[in-house]
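# Test case, fold it:
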Amino acid sequence: MTTEQATYRYFKAFIPSVAVYGVGTVSIFWLAENAAVSSITQYVLALIPIVAIFFAFWAHWRFANDVDEFMRLIQIKGVIFGIACVMIVAAGWGTLETLADAPRLPVFWLLPIFWVAQSAALAIISKREGVF
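This is a model prediction of the structure:
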C-alpha cells in the first residue's frame, strides 16, 4: 500500500471518529444541563465519544502499520511528543491545583491537547524530513 492510499484510508476513518467525538461530547453536556436524563442514560451516552476515541486511535494504529518504516518512525515521534505534552499538562496542572489552588482542569481536555500537539509535531517533523 502506498503512503497516499494509507493516508486516504486513515482520514476516511479518523475524521468521522473525531466528528462523532466532538458532537457526542457537546451533546452529552447539553443533555445533562437541559434535559431530565437519568444517570444511567448519561453513562450509556458517554460511550459514544469513548467508542469514537477508540476508532480514532485504531485508525492511527492501522495507518502506522500500513506505511513504511521511515513514515512509521515519524508517526511514533509525533505520538511520543503528544503524550509528553499531555503528561506535562496533567502533572503541571495537577501540581498547581494541589499547591496553588488553581481551578480544576477537566480531564477531557487532555485528548484535544494530545491531538493538537501530535499533529503539530507531525507537521514539523515531516517538513524537517522533507516528507510533505
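# which one in the chain is furthest away from the centre?
Among the C-alpha atoms of the chain, the one farthest from their average position, using CA atoms, centre = their mean, is that of A36, at 29.8 Å.
# separation between that residue and P49?
Remark: distance between A36 and P49 (CB to CB, to the nearest Å) = 21 Å. Placement of C-beta: from N, CA and C, glycine included.
# Check the closest residue to P49 other than its chain neighbours and give its pLDDT.
Among residues not flanking P49 along the chain, G24 sits closest, at 4.0 Å (CB to CB, 6 or more residues apart in numbering). Per-residue confidence (pLDDT) for G24: 90.
# Name the helix or strand for G24, please.
Using DSSP states H and E, G24 maps to helix 3-34.
# What angle do helix 3-34 and the next helix or strand after that helix make with each other?
Per DSSP H and E, helix 3-34 leads on to helix 39-66 as the next helix or strand towards the C-terminus. Calculated by axes from the mean of the first three to the mean of the last three CA atoms, to 10 degrees, helix 39-66 forms an angle of 170 degrees with helix 3-34.
# For the next helix-or-strand element following helix 39-66, name the packing helices and strands.
Counting by DSSP H and E, the element after helix 39-66 in chain order, helix or strand, is helix 69-99. Helix 69-99 sits against helix 39-66, helix 110-129, with contacts defined as 3 or more CB pairs under 8 Å, 6 or more residues apart in numbering; DSSP states H and E.
# Just want the angle from the helix holding G24 to helix 69-99.
With the same axes, to 10 degrees defining the directions, helix 3-34 sits at 20 degrees from helix 69-99.
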